[in-house]
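K.L.:
my questions concern the predicted model and sequence given below.
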Amino acid sequence: MKLYYTPGACSLAGHIALHEAGLPFTTERVDLKTKTTASGDDFNGVNVKGYVPALVLDDGDLLTENIAILDYLASRAPFLGLNGPLGRSRLLEALAYISTELHKSFKPFFIGGSDEEKAKASAYVTRRMQYLADTMRRDYLLADHVSVADFYLLVVMRWAERFGVTVPGPLRALRDRLETRPSVQAALSGEAAS
Ligand SMILES: N[C@@H](CCC(=O)N[C@@H](CS)C(=O)NCC(=O)O)C(=O)O
């Protein structure tokens, strides 16, 4: 598999999951401003949507959208998903929440929104994160073990720190716990060095 990513972007979640899964993969950095890959290719030629993450599967198929990619990786490495009859649905429920209620709410910070828009977004994100803090399991978001949802949440918690958005205490503790994982450190240092 090959993951197209941009350092610190939402593609970091899949990058961590690939390390954690222990599956063979390669990566290529994408410059989102110029839509050019590290090897000089036109990224729009890889993913016509023009955004990361994009995952090229071993048979050449292209998978896009964080939720789909993280769900796929959890299907390839089931220990990164959830057990039980509702396991997959619960995982998708959490991934959709992180994507639509948290990730997308950062838009004013990324597109140079007004101070008022940023303040509104900040309060909204904190309130939506509070729900996760109130409902999370003891050590991880959805279970007593890590799941791909933790990795996506970690990405938005890193953005929160960058933009001064308050993260509830239990989630800050989760972030600290996640950042000690070798998979997280490998993905972060790989992206920083790229
Ligand atoms: N709907 C996509 C959105 C992905 C997305 O927002 N990617 C951002 C980085 S976090 C990006 O590549 N933005 C550049 C652009 O849209 O041109 C998903 O959920 O995967």
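P.N.:
Happy to help now that I have it. Numbering: from 1, shown residues only.
K.L.:
which SS class is residue 28?
P.N.:
strand (DSSP: H, G, I helix; E, B strand; the rest coil).
K.L.:
contact partners for it?
P.N.:
2, 3, 4, 5, 37, 38, 39 (C-beta atoms under 8 Å, 6 or more residues apart in numbering). No exception for glycine: its C-beta is placed from N, CA and C like everyone else's.
K.L.:
try residue 13
P.N.:
Residue 13 touches 53, 66, 70, 148, 151, 152, 154, 155, counting by C-beta under 8 Å, 6+ apart.
K.L.:
now with 10 Å?
P.N.:
By C-beta atoms under 10 Å, 6 or more residues apart in numbering, the residues touching residue 13 are 5, 53, 66-67, 69-70, 73, 95, 98, 103, 148-156, 187.
K.L.:
dump stretch 183-193 to CSV, keeping only the CA atoms.
P.N.:
Provided in CSV are the C-alpha atoms of stretch 183-193 (Å, rounded to 0.1, in the frame of the first residue of the first chain):
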residue,chain,number,x,y,z
SER,A,183,3.6,3.9,16.0
VAL,A,184,2.7,7.5,16.7
GLN,A,185,6.4,8.4,17.2
ALA,A,186,7.3,6.6,14.0
ALA,A,187,4.7,8.4,12.0
LEU,A,188,5.5,11.8,13.5
SER,A,189,9.2,11.5,13.0
GLY,A,190,8.7,10.1,9.5
GLU,A,191,6.6,13.1,8.6
ALA,A,192,8.9,15.6,10.2
ALA,A,193,11.9,14.3,8.4
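K.L.:
pLDDT of it, averaged?
P.N.:
Averaged across stretch 183-193, the pLDDT comes to 97.
K.L.:
buried sites along that stretch?
P.N.:
183, 184, 187, 188, 190, 191 (16 or more other C-beta atoms under 10 Å).
K.L.:
what about the second one, helix or strand, and which?
P.N.:
Right, residue 184. If you go by DSSP states H and E, residue 184 is part of helix 182-193.
K.L.:
which elements pack onto that helix?
P.N.:
Under the contact criterion of 3 or more C-beta pairs under 10 Å, 6 or more residues apart in numbering; DSSP states H and E, helix 182-193 touches strand 2-5, helix 11-21, strand 26-31, helix 148-163, helix 169-179.
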